[in-house]
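Asker: Next come a sequence and a model predicted from it.
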Amino acid sequence: MRKEVPFIISLIFAAFRFALEAFDGPYNYTLVSGDKLLNAMSWAMTFMSCGALFLGVLNLFRIHGNNIRRRRPHWQLSVYLLVVLVFQSLLGLFTHHTHPAYAWSYQGIYVPIDSTMFSLLAFYIASAAYRAFRVRNSDAAVMLAAAFFLMMGNVPIGELIWGPNGPLGGFTGIKDWILRVPNAAGNRAINLGIFLGIMATQSRILLGIERRHLGQE
Amino acid sequence: MSTNPQTWVAALCTLAVYSYLYKENIFFRIAEHTMIALAVAHSLVTGWHNTFIPYIETHVKTKGWWWFWIFFAFGVLYYARFLPARYAWITRYPVSISVGWALGYYFSLFPRQYAVQIADSVRDLGQFENILFFLMFVLSMMYFFLTVGGNSKTFQQISKVGRWILMINFGAAFGNTVSGRISLFLGRLSFLLSDWLGISL
């Protein structure tokens, strides 16, 4: 009951979607409103996810509520987080995300923190580059060469040293060739591996061998 | 120097995050907690105003698709994971619907994009670059053959070339990531110097 029924529901929805996707062309399933049944079902799935809109908020309340209740280290920051969360959520829900007050905090606080967090990685990636690019064997040498040409092709100083009018199109020409041929070929091989992995996992779910998405018993 | 309070707040937030480069400190922690709170609030607010409300107006009220509420009710069952273990299994119902719906896609449309990629790999072999691309693709694929002919010396040599091609791929990805991160850093630096401090660059 607890695992079999959800598994059967999965099979029914899988078969339903397969039928809609595969036979939509010849049979053209449409509703009275003129909308395609496939589109209506996709919208219904999106609407289902709306039922769980507050999941993230509740999860944060659970985690940080525990921090506060047990007086864990830095529990004051958990109080601060919940206050900001409640304030911003209520402001957005009762006005709109385009409301000036909401947009002010989003543009003035969230956007700069977000982009600075990502730019912070520039400093750590430099040390990672040192470790990755130490030429220890032929593989590391090839990787170093590819990364060097890519970076030089991306920056203006690369154009100054070896411009696009030079032999082989300069750094830009070599960068474009690397992206177009070996990079695309390698990427495609990796993508096909990913595809086979996904299909193997989906087949396991379809056959009922893989049921971890249904959680522990 | 800027007189706009929003620019000042943005600059202080930027500095708070960069203070992590010295060591972890209270300013960074405040910025970190603010970001999490604002990100979760924003996903809730945009989901509410861009999806939930318009869907009610367009599909439920205008078209009269009241059956949408059945799916919504299944979505609400996601919250059952917060209930005691005795009831938490109820959350499997919306999960199984989502997984089933995705399964249908994976067995119908999903393989098409990869079939197109394979077909594209062997197209127009009259051009040298296309032949080179195809060879590199095959060599890269051979690196992943872990069962057939894995012990033969010739096979190992060929798969080594495949590994070099994959290394070019990883090098290119790394180079692009470094360039992207540095460009983000320059953007923040330009904001601090130009927008906040008013230094013309």
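Answerer: Structure's in. What do you need?
Asker: Can you report how many residues neighbour B:Phe82?
Answerer: Neighbour count for B:Phe82, taken as other C-beta atoms under 10 Å in any protein chain shown: 14. Where C-beta positions appear, they are placed from N, C-alpha and C, glycine not excepted.
Asker: Revised request: answer the last question for A:Gly65.
Answerer: By other C-beta under 10 Å, neighbour count at A:Gly65 equals 14.
Asker: Can you name the residues that contact it?
Answerer: A:78, A:82 (C-beta atoms under 8 Å, 6 or more residues apart in numbering or on different chains).
Asker: Which single helix of chain B contains the most residues?
Answerer: Longest helix in chain B, counting residues (DSSP state H): helix B:153-190.
Asker: Show the average pLDDT along that one.
Answerer: Helix B:153-190 shows a mean pLDDT of 90.
Asker: Name the residues of it that are buried.
Answerer: B:158-159, B:162-182, B:184-185, B:188 (16 or more other C-beta atoms under 10 Å in any protein chain shown).
Asker: any idea how far the residue nearest to B:Ser200 when sequence neighbours are not counted is from B:Cys13?
Answerer: Leaving aside its chain neighbours, B:Ser200 sits nearest to B:Ser194 (7.0 Å; criterion: C-beta to C-beta, 6 or more residues apart in numbering or on different chains). B:Ser194 sits 17 Å away from B:Cys13, going by C-beta to C-beta, to the nearest Å.
Asker: Tell me which of the two has more neighbours.
Answerer: Set B:Ser194 next to B:Cys13 and count neighbours by other C-beta under 10 Å: B:Cys13 wins out with 23 against 13.
Asker: ok, the more buried one touching B:Glu32?
Answerer: No - with contact defined as C-beta atoms under 8 Å, B:Cys13 does not count as touching B:Glu32 (10.8 Å).
Asker: pLDDT weak spots in chain A?
Answerer: Scanning chain A for pLDDT under 70 picks out A:133, A:135, A:216-217.
Asker: residue closest to the middle of it?
Answerer: A:Phe118 (14.7 Å; C-alpha atoms, centre = their mean).
Asker: Wait, that one touches B:Ile182, no?
Answerer: No - A:Phe118 is not in contact with B:Ile182 according to C-beta under 8 Å; the separation is 11.2 Å.
Asker: residue boundaries of the helices in chain A?
Answerer: Under DSSP H, chain A gives helices at A:4-27, A:37-50, A:55-69, A:75-94, A:100-105, A:111-133, A:138-154, A:156-161, A:170-180, A:182-206.
Asker: number of nearby residues for the residue lying closest to B:Asn169 once chain neighbours are set aside?
Answerer: Closest residue in space to B:Asn169, ignoring its immediate chain neighbours: A:Gly186 at 3.2 Å, by C-beta to C-beta, 6+ apart. Neighbour count for A:Gly186, taken as other C-beta under 10 Å: 29.
Asker: A:Gly186 contacts B:Met136, correct?
Answerer: Yes - using C-beta under 8 Å, A:Gly186 is in contact with B:Met136, at 7.1 Å.
Asker: Now for the two: what residues contact both?
Answerer: With C-beta under 8 Å, 6+ apart as the test, A:Gly186 and B:Met136 both reach B:Ile165.
Asker: Who are the contact partners of the most centrally placed residue in chain B?
Answerer: Nearest to the mean C-alpha position of chain B, by C-alpha atoms, centre = their mean, lies B:Thr177 at 14.1 Å. Shown in contact with B:Thr177 (C-beta under 8 Å, 6+ apart): A:Ile125.
Asker: Let me know the secondary structure of the nearest residue to B:His59 once chain neighbours are set aside.
Answerer: Distances taken as C-beta to C-beta, 6+ apart put B:Trp65 closest to B:His59, at 4.8 Å, once the chain neighbours are dropped. Three-state call for B:Trp65 (DSSP: H, G, I helix; E, B strand; the rest coil): coil.
Asker: and B:Trp65, how many residues sit next to it?
Answerer: By other C-beta under 10 Å, 20 other residues sit near B:Trp65.
Asker: Quick check: it touching A:Ala40?
Answerer: Yes - using C-beta under 8 Å, B:Trp65 is in contact with A:Ala40, at 7.1 Å.
Asker: Which residues are in contact with each of these two?
Answerer: With C-beta under 8 Å, 6+ apart as the test, B:Trp65 and A:Ala40 both reach B:His59.
Asker: could I get the helices of chain A as a markdown table with distance to B:Thr154?
Answerer: Putting those into a markdown table (distance: least, C-beta to C-beta, whole Å) gives the following:
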| stretch | distance to B:Thr154 |
| --- | --- |
| helix A:4-27 | 43 |
| helix A:37-50 | 50 |
| helix A:55-69 | 54 |
| helix A:75-94 | 60 |
| helix A:100-105 | 63 |
| helix A:111-133 | 30 |
| helix A:138-154 | 18 |
| helix A:156-161 | 39 |
| helix A:170-180 | 27 |
| helix A:182-206 | 19 |
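Asker: Quick one: closest of these to B:Gln117.
Answerer: helix A:182-206 (5.8 Å; C-beta to C-beta).
Asker: Mark out where each domain of the chain begins and ends.
Answerer: If you meant another chain, say so; for now it's chain A. A:1-53, A:134-208 (automatic domain parsing).
Asker: Oops, wrong one, chain B.
Answerer: Taken from automatic domain parsing, chain B resolves into B:1-66, B:109-201.
Asker: shaky segments in chain B?
Answerer: B:148-150.
Asker: at 90 what do you get?
Answerer: Applying pLDDT under 90 to chain B flags residues B:1-2, B:85-86, B:109, B:113-130, B:141-160, B:174-182, B:200-201.
Asker: in what helix or strand does B:Ser108 lie?
Answerer: Here B:Ser108 sits in a region with no helix or strand, counting by DSSP states H and E.
Asker: so who does it touch?
Answerer: By C-beta under 8 Å, 6+ apart, the neighbours of B:Ser108 are A:17-18, A:21-22.
Asker: Same question for A:Arg17.
Answerer: So A:Arg17 contacts A:41, B:100-101, B:103-105, B:108 (C-beta under 8 Å, 6+ apart).
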